[in-house]
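Student: Pasting the sequence and the predicted model now:
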Amino acid sequence: MLWQVSCRKKYLIGRVEMNRIKILVLAVMMVVVFSAANLQAEEIKGAGSLSADVMSNYVWRGMKLSNSWVVQPSAGITYGVFGANLWSNYDSDAAIDEGDGHGESNETDLTLTYTRSMDKLTLGAGYIFYALAGANDTQELYLSASYATVLNPTLTVYYDFDEGDGAFAVAAVSHSVEIMKDTSLKLGASASYNLKNKVMGRDKNGEEFSNLYNGELSASVTFPVMKAIAITPKVAYSVPLSSDAKEAIKNLSNDNDNSVFYGGINLTLSF
């Protein structure tokens, strides 16, 4: 009986936490909508970009989701504080729907964003739709905050209100160093925390969990080729930060090794 009461209490606490997250996300999204009406005409500027990453593997939140190299093209546009981005993953070794294993496009993501800057503080909110081949599509809302100071700290909280029915938080820092004219080295580090998000896997008991997830170190160098074109080689190393995450990542990755080292190159055209 005591065990049942304890489990029931934990369940109710978990539901209350999720409801609070839902209310917070909805409240911020309402603020975003109403504040958009107050934009001044002189603030509205448009920009766009086309880019492509060629990576040794597709790695997402510490999970290795490919067996070989991938190509990840994207197209983005911003207008004032609003933005939209379409991103896709082409897996060179995928076999979707009994394919021949010689490459398939297995994911396309649509991201809608809202960003406002106030002095050194930048706040953001957005929506992501994940269209997946061989798995159920899902959707996320997210909130972010960053501050332009030493190490540029950033906190982003994602809430999957579809397949995941849970949240995922990422805290990150970064620092850029100019190594020559118009060429900079960017170093980054991040740590994440899973909040009963089913998409992020389950623990050894087969249950969703709340615990530290993965940590990642990254480095990249941006080389301008022309005024609007840049090439960026990059590398990263990711490791699980808890036994729960280690089990989840192992079960979801295309590799029994929980840690992953990967890299590639990005080409971006801005206009």
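Tutor: Good, I have the coordinates.
Student: hey, let's count contacts and neighbours off CA atoms from now on
Tutor: OK.
Student: which ones are touching the nearest residue to Thr149 once chain neighbours are set aside?
Tutor: Nearest-residue entry for Thr149: Lys120, 7.5 Å, with adjacent residues in sequence omitted and distances by Cα to Cα, 6 or more residues apart in numbering. Shown in contact with Lys120 (Cα atoms under 8 Å, 6 or more residues apart in numbering): 147-149.
Student: Give me the phi and psi for Lys120.
Tutor: phi -90, psi -10 (degrees, to the nearest 10).
Student: hang on, the earlier thing: turn the contacts of Lys120 into JSON lines, including distance to Arg61, neighbour count and pLDDT.
Tutor: Output for the contacts of Lys120, formatted as JSON lines (distance: Cα to Cα, whole Å; neighbours: other Cα atoms under 10 Å; pLDDT from 0 to 100):
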{"residue": "Tyr147", "distance to Arg61": "22", "neighbour count": "17", "pLDDT": "98"}
{"residue": "Ala148", "distance to Arg61": "24", "neighbour count": "12", "pLDDT": "96"}
{"residue": "Thr149", "distance to Arg61": "25", "neighbour count": "10", "pLDDT": "94"}
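Student: can you put these in CSV and add secondary structure and distance to Ala84?
Tutor: CSV is the format used below for the contacts of Lys120 (DSSP: H, G, I helix; E, B strand; the rest coil; distance: Cα to Cα, whole Å):
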residue, secondary structure, distance to Ala84
Tyr147, strand, 23
Ala148, coil, 23
Thr149, coil, 27
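Student: before we move on, back to that, now the residue nearest to Thr149: how far from Thr113?
Tutor: Note on Lys120: its distance to Thr113, by Cα to Cα, to the nearest Å, is 19 Å.
Student: Can you pull out the low-pLDDT segments for this protein?
Tutor: 1-43, 95-102 (pLDDT under 70).
Student: Output the longest strand belonging to it.
Tutor: Assignment by DSSP state E gives strand 210-226 as the longest strand of the chain.
Student: which helices and strands does it pack with?
Tutor: Packing partners of strand 210-226 (3 or more Cα pairs under 8 Å, 6 or more residues apart in numbering; DSSP states H and E): strand 183-195, strand 229-240, helix 243-252.
Student: Which positions within that strand qualify as buried?
Tutor: Neighbour-count burial for strand 210-226 flags 210-224 (criterion: 16 or more other Cα atoms under 10 Å).
Student: Pull the residues that contact it.
Tutor: Contacts for strand 210-226 (Cα under 8 Å, 6+ apart): 61-62, 182-196, 230-242, 244-246.
Student: Which among those count as buried?
Tutor: With neighbours counted by 16+ other Cα under 10 Å, the contacts of strand 210-226 contain buried members at 61-62, 183-196, 230-241, 244-246.
Student: Going along the chain, name the helices of the chain.
Tutor: Remark: helices assigned in the chain by DSSP state H are 2-36, 243-252.
Student: Return the last one as PDB; C-alpha atoms alone will do.
Tutor: This means helix 243-252. In PDB, the C-alpha atoms belonging to helix 243-252 read as follows (Å, rounded to 0.1, in the frame of the first residue of the first chain):
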ATOM      1  CA  SER A 243      23.200   6.000 -16.300                       C
ATOM      2  CA  ASP A 244      19.600   6.600 -17.500                       C
ATOM      3  CA  ALA A 245      20.800   8.600 -20.500                       C
ATOM      4  CA  LYS A 246      23.500   6.000 -21.200                       C
ATOM      5  CA  GLU A 247      20.800   3.300 -21.500                       C
ATOM      6  CA  ALA A 248      18.400   5.500 -23.500                       C
ATOM      7  CA  ILE A 249      21.100   6.600 -26.000                       C
ATOM      8  CA  LYS A 250      22.400   3.100 -26.400                       C
ATOM      9  CA  ASN A 251      18.900   1.800 -27.300                       C
ATOM     10  CA  LEU A 252      18.100   4.700 -29.700                       C
END
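Student: Which neighbouring elements make contact with that helix?
Tutor: Identification of packing neighbours for helix 243-252 by 3+ Cα pairs under 8 Å, 6+ apart yields strand 63-64, strand 210-226.
Student: Quick one: list the elements packing against the shortest one.
Tutor: Secondary-structure packing of strand 63-64 (3+ Cα pairs under 8 Å, 6+ apart): helix 243-252.
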